[in-house]
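[1] please find the sequence and the predicted model below.
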Amino acid sequence: MVKREPVLESTMEKLGLTVPEAAELCSLGQTSIYKAVREGRLRIRKYGTRTIIMRAELASFLENLPLKPERPDK
């Protein structure tokens, strides 16, 4: 018998992420993710008790983070 992979995982990336997945994907801690949500800088979706972060929302959040100022040459 051939073992099949789940269709969604084999054809495309997940659209929604859990907080731990989002934190790992963007190299931030879960506390930082929850802080951004509290401050209204990162939008989430709720399905029952489940917190879902859409990939597009996470990308937008990261793109809107401030740029590091360049250091002047001495």
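    Received, thanks. Numbers count the residues shown, from 1 in each chain.

[2] when you work out contacts or count neighbours from here on, use the C-alpha atoms and nothing else.
    Will do.

[3] let me see the ranges of the helices in the chain.
    Ranges of helices within the chain are 7-11, 19-25, 30-38, 55-63, based on DSSP state H.

[4] how about these in TSV, adding mean pLDDT and mean neighbour count?
    Converted to TSV, these look like this (pLDDT from 0 to 100; neighbours: other C-alpha atoms under 10 Å):
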stretch	mean pLDDT	mean neighbour count
helix 7-11	46	9
helix 19-25	95	15
helix 30-38	97	14
helix 55-63	97	14
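
[5] and these: which comes nearest Pro69?
    Closest of the helices of the chain to Pro69 is helix 55-63, at 15.4 Å (criterion: C-alpha to C-alpha).

[6] just how off-centre is that closest one within its chain?
    Its chain's C-alpha centre and that of helix 55-63 lie 7 Å apart, by C-alpha atoms, centre = their mean, to the nearest Å.

[7] next, the angle helix 30-38 makes with it.
    100 degrees (axes from the mean of the first three to the mean of the last three C-alpha atoms, to 10 degrees).

[8] the residue nearest the centre of the chain: what's it in contact with?
    In the chain, the residue lying closest to the centroid (C-alpha atoms, centre = their mean) is Ala22, at 3.3 Å. Contacts for Ala22 (C-alpha atoms under 8 Å, 6 or more residues apart in numbering) come out as 33, 53, 58.

[9] from those residues, which is closest to Glu39?
    Of these, the one sitting nearest to Glu39 (C-alpha to C-alpha) turns out to be Ile33, at 10.0 Å.

[10] surely the closest one is in contact with Ala23?
    Yes. Using C-alpha atoms under 8 Å, Ile33 is in contact with Ala23, at 6.5 Å.

[11] between the two, what contacts are shared?
    Common neighbours of Ile33 and Ala23 (C-alpha under 8 Å, 6+ apart) do not exist.

[12] if we ignore the residues flanking it in sequence, what's nearest Ile30?
    Small correction: residue 30 is Gln, not Ile. With sequence-adjacent residues excluded and distances taken as C-alpha to C-alpha, 6 or more residues apart in numbering, Gln30 is closest to Ala23, at 5.4 Å.

[13] residues in contact with that neighbour?
    Applying C-alpha under 8 Å, 6+ apart, the residues near Ala23 are 29-30, 33.
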